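> after the sequence you'll find the predicted model.
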Amino acid sequence: MIGVNGSRALFLAALALLVVSGIAPADRTTWWLEVAPVLAGMAALIATRRRFPWTPLAQALMFAHALVLCAGGHWTYEHVPAGEWVRDAFGLARNPYDRLGHLMQGFVPALLAREVLVRRAVVRRGAWLFFVVTCFALALSAAYELCEWLAAVTLGQGADAFLGTQGDPWDTQWDMLCALVGAVVAQLALARPHDRQLAHFTSSGSPASPPGR
């Protein structure tokens, strides 16, 4: 379990990743666009750290998502080395790293939404919770696609690296499907360990006993 010191270490590690990713990125505008969620997430964590401390699982997932976003921001999703290796190894037509990014876009926010809904007693555990969390992940994915569209309209060709369609006319649909799959898999795979960690918290969102101690 991640204690207070572990939480700080993860935050500092994510901050270091952010700084390193910003050193000579492939495209500075794309870097800002890709890491914007990381910056927003860090600001939110600082603002809510006392009244809504997240479970260790949520913290670990946020760090993993930050890693994916920072890598995509540094190299652009089309040219992330790990994705190029997968493309060459399996004979794919495109770098699939952006699919991982959108899978995480469903996977991580789904667990975060689940945590908020359960701890605030908005929706009871069960089918409705699964449905609402899945809908939230899809809505978030759709909102991100709209942001990409706005960037394309505003920046023109300067947004090509941010869009990362790589010539695929169905890229938007694939992105949203990946987010849907991520949200469903996250809930099916992690609901039980997540519930065990949520047991440390009251319905008001305050920790009943500090996890990790």
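Yep, it's here.

> going forward, measure contacts between C-alpha atoms and count neighbours the same way
OK.

> what are the ranges of the helices in the protein?
With helices called from DSSP state H, the chain shows them at 4-21, 28-48, 56-75, 81-90, 97-119, 127-155, 160-163, 171-198.

> any chance of a markdown table for the ones you listed, columns mean neighbour count?
Shown next, in a markdown table, are the helices of the chain (neighbours: other CA atoms under 10 Å):
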| stretch | mean neighbour count |
| --- | --- |
| helix 4-21 | 16 |
| helix 28-48 | 16 |
| helix 56-75 | 22 |
| helix 81-90 | 14 |
| helix 97-119 | 23 |
| helix 127-155 | 17 |
| helix 160-163 | 21 |
| helix 171-198 | 18 |
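
> using TSV, lay out these together with mean pLDDT.
Formatted as TSV, these follow (pLDDT from 0 to 100):
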stretch	mean pLDDT
helix 4-21	89
helix 28-48	93
helix 56-75	96
helix 81-90	94
helix 97-119	95
helix 127-155	89
helix 160-163	55
helix 171-198	94
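
> contacts only, for the closest residue to Pro109 other than its chain neighbours.
Excluding the flanking residues, the one nearest Pro109 by CA to CA, 6 or more residues apart in numbering is Ala137, at 6.4 Å. With contacts defined as CA atoms under 8 Å, 6 or more residues apart in numbering, the neighbours of Ala137 are 105-106, 109-110, 179-180, 183.

> mind running it again at 10 Å?
Counting by CA atoms under 10 Å, 6 or more residues apart in numbering, Ala137 touches 105-113, 143, 176, 179-184.

> cool, and Trp174?
Neighbouring residues of Trp174 by CA under 10 Å, 6+ apart: 99, 102-103, 168, 180.

> mind running it again at 7 Å?
Residues near Trp174 by CA atoms under 7 Å, 6 or more residues apart in numbering: none.

> just the one 4 residues further on next, same as before
With contact taken as CA under 7 Å, 6+ apart, Cys178 is in contact with 99, 102-103.

> check the gap between it and Trp31 for me.
Distance of Cys178 to Trp31, given as CA to CA, to the nearest Å: 22 Å.

> got it, and Thr134?
Taking CA to CA, one finds Thr134 at 28 Å from Trp31.

> please apply the same query to Phe136.
Taking CA to CA, one finds Phe136 at 26 Å from Trp31.

> and for Leu188?
In terms of CA to CA, Leu188 sits 33 Å off from Trp31.

> CA atoms only: put stretch 141-152 into CSV for me.
Coordinates of each C-alpha in stretch 141-152 appear next as CSV, following Å, rounded to 0.1, in the frame of the first residue of the first chain:
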residue,chain,number,x,y,z
SER,A,141,-13.1,10.3,-24.8
ALA,A,142,-15.6,12.2,-26.9
ALA,A,143,-14.7,15.5,-25.3
TYR,A,144,-11.0,14.8,-26.0
GLU,A,145,-11.8,14.1,-29.7
LEU,A,146,-13.7,17.4,-29.8
CYS,A,147,-10.6,19.1,-28.4
GLU,A,148,-8.5,17.5,-31.1
TRP,A,149,-10.9,18.8,-33.7
LEU,A,150,-10.8,22.3,-32.2
ALA,A,151,-7.0,22.1,-32.3
ALA,A,152,-7.0,21.1,-35.9
